Every structure is written in C-alpha cells, then in structure tokens.
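*Asks:* Turn this into a structure:
(chains A and B)
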Amino acid sequence: MEEITNTNNALLEIEDLHIHFVSKVETVKAINGLNLVVHKGKTLGLVGETGAGKTTTALAILNMIAKPQGRIVAGRITLDGEDIFSKTEDQMEGIRGNTVSMIFQDPMTSLNPVMTVGDQIAEVLQIHKKLSKAAAAKEAQKMLETVGIPGARSVEYPHQFSGGMKQRVLIALGLACTPKLLIADEPTTALDVTIQAQVLELMKDLKDQMNMSMLMITHDLGIVAEVCDEVAVMYAGAIVESGTLEDIFDRKRHPYTEGLFNSLPDVNNRTQSLKPIGGQMPNPADLPQGCSFHPRCEYAMPKCSQEEPPMHRFSETHCAKCWLYENTDQCMLASQDYVPSQGVSE
Amino acid sequence: MIRYIGKRLLLMLPVVIGVIFVVYLIMYLSPGDATTTILGTSWTPEGAEAIREQLGLNEPFFKQFFTYLFHFFQGDLGTSYITKEAVINQVRISFPNTALLVLISMTLAVAVSIPIGIRAAVKPNSFFSAFTTAFALVGIAAPGFWIALLLVLLFSVKLGWLHASGLETWKDAILPSIVLALSFMASISRMMRSSMIEALGMDYVRTARAKGVKKHRVIYRHALGNALLPPLTVIGSYIGEMLGGAVICETVFAIPGMGRLMVNAVLQKDTPSVLASVSIMAICVAIMSLITDLAYAFFDPRIKALYMRGGKSK
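*Replies:* Numbering: from 1, shown residues only, chains lettered A, B, ... in the order given. Predicted coordinates:
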C-alpha cells in the first residue's frame, strides 16, 4: 500500500538505469541499475564520491548524455508522468529549463562570458514562456532581485560578478520558469564556506516558495543534513543505501555509508585521526564481480565477491544493498545507531 | 575608449619610425652608390659629386635620416632614382591595387573558412571534417607561387578563361585573390574548427542546452560568439602577412601593386621607393592590428572592460 502511494507521489522516478560510454578501447559502465525516486515537494540528496556517476545521472534526466559514445543501455526515467527517453529532441528542448532545470557545478564557467546575465536569463523565458524580448528582460530583472542581486545589474557581463553572485545568477536562471524539479549538481563546491551557507539557504527558501522538488547532488554530508529530506548514497553507478535523512544519519546500515561518515572529522574528538575509506573507486571500465564495493569493504565475506547483493528493505523508507542483512535487520556495523535523547537530531 | 584609441595611435609612431630607421640603415650600409643608379652610363665624377651634394648624401647618417623623416611626415616621399618621378605618384597608382587584392582575398578567405571551420567542428567525425583537415594541410604546405602557376596553367593557358597577368578588369583579380587567399583559408578554417570544438565543450554550452535552447541557437549564438574570438585575432595579423604574400602574388601575375613596387625598387636600389613602400606597408600593418584589437573589444566584453579601465586609470 505504502509503495503505491509513494509512487503516486513521485515526481521523478528512475528505474533500473544502465548507461555505458563506449569507445574503441573499452566500455565504461557509468550507471549500473540505478533506482531513484524524488517525491513532490521534497529534496533528495544524492551522495557519493567523485566518479560515482552523480552528474551522469543528472544529465540522463535531461536526456543530455553525449552521443554517440554515451548509450542508455536499459532503464526508464519518468518525470512528471512522462517517459523521458521516448521524447524527441524537440520535445526535450521544451522540457529542459521548463519542467526540470539544472544548476551546474562550476559557476565560473557555466555562464556565457559574452552575453549579459540579463540576456541569459531572459533567453529561457523567451523560449518557454514565449515572452516578448522586453517582457523577458523585465522578468529577468525580477528573477535577479529574487536571488538578491539588484535588477539594474542585468546589463552586466558574468566577469563583473563574484563567484557567489554567479552561482545566484545560475539559480535565477534555473528557477526562471518555475520548474517542478531543480537538479543542483554540487552547487556550492566552487564557493567558499561563508557563501555556501548563503546559497544553500537561498535555494531552500526558493524551493519552498515555488513548491518544487529538488535533487541535490553533493559529496558533502553537511549540505545533506542542511537541505535534504531524503538521501540516496551512490557507489559505482548504483544506489547502495537510501532512506530519510534520519535513516541515513542515525540508522545507517551500509558499510560504504559508514565509511563516508567515518571520513568526516569529529568536532568533539579532535585528537582522533580520520578514518578514510581505503582504496580507490573501482575503474568503471572494469567493475569487480559481485558487490562493487567489496574490495574496499572491511566487512566483506566470500559471498560478496561472487554475487551481487539484493536490496534489503528495513522500513518503508529505508533500504540498503548489502549481504550483511541477508538474514537480519539488526545493524551489523561497528558504529552504533544514534539514539536521540530528545527528538531527532539536526 | 577614445583615449585608448588615441594612445594606440600614438604608440604607432615609434613603430613606424623604427621601421623607417632599420630600412634606412640597411639601404645606407648596403654596397653600391646611389649616383651610379641615377646617372647610369652617363656617370662622371663631377656629376656624381653634384648629385651627392644635391641629395645631401655627404651629410652625416643621422642628419640624413632625420631630414628624411621630417620630409616623410610632411608627405614628401622623395623622388625615385630610376623614374625621376615623385615616389608619392607611384604609390598612388600601386597602393589601390594591393589594397583591393588584399581586401578581396581576406574577404574570400574569411567567407569560406569560417563556415567550413564551424561545420567541421559541429560534425567532428564526418567525412567533411576529414576533408577540410586534408585541404588545410595542402593549403598550408603548398607554396603560393606554385599554386599560382598551376592555376594560370589551367585557367589561362588551357581553358583561356582568364588573363594570366595584369589587373585591368575585375576578372583579372580572381586568380591572384584565390592564390593569396588559399593558404589563409587553410589556417583560418583550421583555427576556427579547433576553437569551435573547444567552445562546444564548454560549460556554458551545456548550460544553454539545459535551458532548452534549440541546437541551432546553441551553436550559432552561444558557442560561436566565443569561438570567433581567437580567429579574429589572427585575421588581423594575417593581413600583415597577406601584404607580404602580395609581393609574390603581384610578381607572378604582373600586377602593378605595392609588392612589385617594393621588389623592383630593391632590385634597382631605388632607395626612396624602397623606403616609401616599406614604411607604408608598416603603417598598414599597425593600423590593422589596432582595428583587430578594437574588434576584439567589440566582441568580448571582458577585453572592453580592460580597455575602459586602462583608459581611465592611466
């Protein structure tokens, strides 16, 4: 029952997605059976190391995987009830920037240096809202003001803005047509910490105002705690654990998720040395057999290198893909569940 | 901006004076005597001395040089040793021919190579792209005079469509312009191709696509606006090179232009004509590079801001 209502409430659903990049030399398996749901009005944090396939996933939602090397081998993406991969390029152009828009990682290079920021925002309004040039320019100024930049600066070029302001311009650009889904691909990675908080706060506020859903791609668990309702942990092109914010932060089950948290410094115990995950992300052109995390996993069993583990469900919201839970729901990790003394931790 | 242009124009002055100085020095040091050129078979020691006195050739080097410079900036380019005519008159006849030739060639080169470069970049794995790369290689490797002779052989000798030499009607400009344009076409299209491929891979192109911008507009508005900048810079400097190329081209096609004026003057040791033609070419190159820089500022707001700021603070 829960499953069904969940599905109906879903804005974005990715089912069993496989994406390969094929070259003469090798086949890079970037995405391997990825499942993901973003619910209406919620923010999902997609967490993982560099190279886990987070950006590829985002580009797949926009149907912008570079052809002919990039191939969608299998899977389905349903956005707002529509099958993305069945759309023509023309239809996709009507969806991009309109139903779904994306904020890219590097604000320094993501704006066109020879167009004014006003023109760049107005362009998306002219395309989707069919506004006249003058009306779009006016609306663009309003959008700039929404993200805290004086409208009069719309005639300026990107080089006249600081990094944080450029990222705000990109946010204004992404939100101009009030999309149903905003994909933010590490929107604060290129910014310094004080600006990060501002930008995140802004995104959170605007998301609530516009009643959008958000897919927040990040490797920063602090950002996840700050803005996300749900979390999906990604490793080697697949989700290894997903759940609500509390599920992941307080009741983590997957060894990889534990590893991510152990890599964070503990403010209360600064003498303790960090415990990073040993080894490297596997080469996506040559993924290990069985569970792709087993070579780096301290809990690895013989079985892990032979068979891929199934997704184990702990609750309606929480599931993890690990052989440790073949016969049990109990936490098998060294780190214990967090038991809040009062309410839920933030 | 106006201040910047003014500053750049002032900076041209030392460049032009420097060029004149070097040429003057070379002509001064080169063996041979102007009087033998002027008098030819009617040379006598007395006549030569009279001419030396008249032209001020007995004066010290720097006095001669500054006298020449003084006259040059007043528009007096001296009298040819050979034709006994004012050099300015020869320049008046020759300059328009060369200017026309270079103008047509550059227009041709740009009009052909920019679209070729764009197309080759948009479809980098196509036959067309491979073809243009090969064409560019041939265009750069093959010497201009050789291609010129081949074209003359085909169109003038075999087919008889065009004149092999001279510049009387517009048809006579066809072959020289093609020859002159060819090597530049090759390098500009190659440059355009690589610059466009680079632009198409930039983040802002991805942003534009993610906004739902039509593919055509992504290419011609977002990518091209940026990709044009590097070729633009070289086009300016190529005009200088083209003036050099015009020397060969005018010689092969017997066009009375600046290049031929220069070559003949050097061969005959006609110092005033050499000085005049070289310095006028130098001025042209300097002006072209200024125009290029201004065009760059027009297309790239970052450069423009740089000029504006520089103009205010200095």
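*Asks:* Show me what from the stretch 51-200 of chain B comes close to chain A.
*Replies:* For the stretch 51-200 of chain B, no residue is in contact with chain A (Cβ under 8 Å from any Cβ of the partner chain). From N, CA and C alone the C-beta is placed, and that goes for glycine too.
*Asks:* gap between the closest residue to chain A within the stretch 51-200 of chain B and B:Ile197?
*Replies:* Relative to chain A, the nearest point of the stretch 51-200 of chain B is B:Asn125 (8.5 Å; Cβ to the nearest Cβ). For B:Asn125, the distance to B:Ile197 (Cβ to Cβ, to the nearest Å) stands at 11 Å.
*Asks:* Verify the contact between B:Ser129 and B:Arg193 for me.
*Replies:* Yes. Here B:Ser129 reaches B:Arg193: they are 7.5 Å apart, a contact under Cβ atoms under 8 Å.
*Asks:* So for these two, which residue has more residues nearby?
*Replies:* B:Arg193 (25 against 19; other Cβ atoms under 10 Å in any protein chain shown).
*Asks:* The more buried one belongs to a strand, doesn't it?
*Replies:* No. For B:Arg193, which was evaluated using DSSP: H, G, I helix; E, B strand; the rest coil, the result is helix, with no strand membership.
*Asks:* now it: how far from B:Ala199?
*Replies:* As it turns out, when the distance is counted by Cβ to Cβ, B:Arg193 lies 11 Å from B:Ala199.
*Asks:* And for B:Thr35?
*Replies:* In this structure, B:Thr35 and B:Ala199 are 61 Å apart, going by Cβ to Cβ.
*Asks:* repeat for B:Val234
*Replies:* According to Cβ to Cβ, B:Val234 stands 16 Å off from B:Ala199.
*Asks:* These two: which is more packed in?
*Replies:* The residue with the greater number of neighbours, taking B:Val234 and B:Ala199 and applying other Cβ under 10 Å, is B:Ala199; the counts read 22 against 17.
*Asks:* was I right about the more buried one contacting B:Arg206?
*Replies:* No. Using Cβ under 8 Å, B:Ala199 is not in contact with B:Arg206; the gap is 11.5 Å.
*Asks:* okay, now B:Lys171: neighbour count?
*Replies:* Look at B:Lys171: counted by other Cβ under 10 Å, it has 11 neighbours.
*Asks:* ok, it - contacts?
*Replies:* Remark: with contacts taken as Cβ atoms under 8 Å, 6 or more residues apart in numbering or on different chains, B:Lys171 is in contact with B:Leu162, B:His163.
*Asks:* gap between it and B:Trp161?
*Replies:* Using Cβ to Cβ, one obtains 8 Å as the distance from B:Lys171 to B:Trp161.
*Asks:* Touching, A:Met64 and B:Ala208? I think so.
*Replies:* No. Counting by Cβ under 8 Å, B:Ala208 is not a contact partner of A:Met64; they are 11.2 Å apart.
*Asks:* Those two - which one has more neighbours?
*Replies:* Regarding A:Met64 and B:Ala208, a neighbour count based on other Cβ under 10 Å identifies B:Ala208 as having more, with 28 against 16.
*Asks:* which helix in the chain runs the most residues?
*Replies:* Using chain A here. With secondary structure taken from DSSP state H, chain A has its longest helix at helix A:193-210.
*Asks:* please go with chain B instead
*Replies:* For chain B, the helix reaching the highest residue count under DSSP H is reported as helix B:87-122.
*Asks:* and A:Ala60, what does it touch?
*Replies:* Taking Cβ under 8 Å, 6+ apart as the contact definition, A:Ala60 lies against A:Ile14, A:Leu17, A:Ile19, A:Ile31, A:Ile72, A:Ile77, A:Ile84.
*Asks:* So the first one: helix, strand or coil?
*Replies:* Applying three-state DSSP to A:Ile14 yields a three-state assignment of strand.
*Asks:* Quick check: nearest residue in space to it, chain neighbours excluded?
*Replies:* Closest residue in space to A:Ile14, ignoring its immediate chain neighbours: A:Leu36 at 4.1 Å, by Cβ to Cβ, 6 or more residues apart in numbering or on different chains.
*Asks:* With the fifth one instead?
*Replies:* By the measure of Cβ to Cβ, 6+ apart, the closest residue to A:Ile72 outside its immediate chain neighbours is A:Ile19, 5.5 Å from it.
*Asks:* does that neighbour sit in a helix or strand, and which one?
*Replies:* Taking DSSP states H and E as the definition, one finds A:Ile19 inside strand A:10-22.
*Asks:* okay, that strand in PDB with CA atoms only?
*Replies:* Below are the C-alpha coordinates for strand A:10-22, written out as PDB (Å, rounded to 0.1, in the frame of the first residue of the first chain):
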ATOM      1  CA  ALA A  10       6.700  10.700  -7.100                       C
ATOM      2  CA  LEU A  11       7.800  13.500  -9.400                       C
ATOM      3  CA  LEU A  12      10.900  11.700 -10.800                       C
ATOM      4  CA  GLU A  13      11.400   8.000 -11.000                       C
ATOM      5  CA  ILE A  14      14.400   6.300 -12.300                       C
ATOM      6  CA  GLU A  15      14.100   2.600 -12.800                       C
ATOM      7  CA  ASP A  16      17.000   0.200 -13.400                       C
ATOM      8  CA  LEU A  17      19.000   2.700 -15.300                       C
ATOM      9  CA  HIS A  18      22.200   1.500 -17.100                       C
ATOM     10  CA  ILE A  19      24.400   3.900 -19.000                       C
ATOM     11  CA  HIS A  20      27.600   2.900 -20.800                       C
ATOM     12  CA  PHE A  21      30.200   5.000 -22.500                       C
ATOM     13  CA  VAL A  22      31.600   3.000 -25.400                       C
END
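*Asks:* what sits up against that strand?
*Replies:* Outside strand A:10-22, the residues that reach it (Cβ under 8 Å, 6+ apart) are A:7, A:27-40, A:53, A:56-57, A:60-61, A:65, A:69-80, A:100, A:180-181, A:213, A:215, A:237.
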